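In: coordinates only, no sequence provided:
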């Protein structure tokens with residue numbers, strides 16, 4: 001058993017190479033693998049007074065590495081999604097769209113969003129309104145409504161899916177009008 005007084009240097013020397021090999025196989029890129037393993041050991045060092053490893057150190061480190069790899073893939077996926085939306089937004093030639101057409105589409109989109117919000121179950125609608133109309137944080141919403149932070153996240157995810165479906169059904173392209181939609185929520 002390794003507890004908070006473990007020998008960090010010995011742990012690194014015994015396991016870093018194994019962890020790096022696993023990370024390279026999973027990520028397919030040596031530089032990324034090195035970064036993930038380094039992050040793992042930095043976290044371990046920073047939290048060494050709080051860590052109590054009750055299993056074999058190798059097993060603990062491999063489990064922690066898989067968690068780090070999962071976080072890496074999640075971060076890369078989110079970044080790729082944002083880059084794709086930004087790229088699509090840049091490809092739209094806003095100058096070709098007439099101002100009246102933009103205003104009409106913006107108004108249509110707002111109406112569809114409002115309609116979607118009115119169709120939500122009461123608790124989901126309340127959470128959506130607190131988040132996007134009143135700018136409450138997830139934690140504030142959870143405290144105010146006496147629910148868990150995860151419930152807030154789940155309800156927000158479902159509510160945004162419902163709004164997206166409404167926009168898709170009405171053939172309103174939400175990426176083209178992303179900025180007006182964001183300003184709608186912020187200025188409301």
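Out: Arrived safely, thanks for sending. Worth saying up front: this structure is predicted, and the values here are computed from it rather than measured. Numbers count the residues shown, from 1 in each chain.
In: how about residue 61, nearest residue that isn't a chain neighbour?
Out: Sequence neighbours aside, residue 15 is the residue nearest to residue 61 in space, at 5.2 Å (criterion: Cβ to Cβ, 6 or more residues apart in numbering). Glycine gets a C-beta too; all of them are placed from N, C-alpha and C.
In: helices or strands up against the host helix or strand of the one you found?
Out: In the assignment (DSSP states H and E), residue 15 maps to helix 8-27. Other elements packing on helix 8-27 under the criterion 3 or more Cβ pairs under 8 Å, 6 or more residues apart in numbering; DSSP states H and E are helix 30-46, helix 57-91.
In: pull out the buried residues from that helix.
Out: For helix 8-27, burial by neighbour count (16 or more other Cβ atoms under 10 Å) applies to 11, 12, 15, 16, 19, 20, 22, 23, 24, 26, 27.
In: pLDDT wise, what is the fifth one at?
Out: Translated: residue 19. pLDDT, residue 19: 92.
In: please apply the same query to the first one.
Out: Confidence at residue 11, expressed as pLDDT, is 86.
In: which non-adjacent residue is nearest it?
Out: Per Cβ to Cβ, 6+ apart, closest to residue 11 is residue 57, 5.9 Å.
In: check whether that neighbour really touches residue 13, as I assumed.
Out: No: counting by Cβ atoms under 8 Å, residue 57 sits too far from residue 13 to count as a contact (11.7 Å).
In: which stretches of the protein have low pLDDT?
Out: 1-6, 78-106, 171-188 (pLDDT under 70).
In: and residue 61, how many neighbours?
Out: 25 (other Cβ atoms under 10 Å).
In: residues contacting it?
Out: Applying Cβ atoms under 8 Å, 6 or more residues apart in numbering to residue 61 gives the contacts 11, 15, 19, 40, 44.
In: and the third one, how far from residue 122?
Out: Spelled out, it's residue 19. As judged by Cβ to Cβ, to the nearest Å, residue 19 and residue 122 stand 49 Å apart.
In: ok, now how distant is residue 66 from residue 113?
Out: From residue 66 to residue 113 the distance is 39 Å (Cβ to Cβ).
In: excluding sequence neighbours, find me the nearest residue to residue 123.
Out: In space, residue 123 is closest to residue 155, 6.8 Å off (Cβ to Cβ, 6+ apart).
In: run a quick neighbour tally on that neighbour.
Out: Neighbour tally, residue 155, other Cβ under 10 Å: 23.
In: that one: what's it in contact with?
Out: Taking Cβ under 8 Å, 6+ apart as the test, what residue 155 contacts is 123, 124, 127, 128.
In: most neighbours per residue, which of the helices and strands packed on helix 8-27?
Out: Ranked by mean neighbour count, these are led by helix 30-46 with a mean of 16 (mean count of other Cβ atoms under 10 Å).
In: that one relative to helix 8-27, how many degrees between them?
Out: Relative orientation of helix 30-46 and helix 8-27, computed by axes from the mean of the first three to the mean of the last three Cα atoms, to 10 degrees: 140 degrees.
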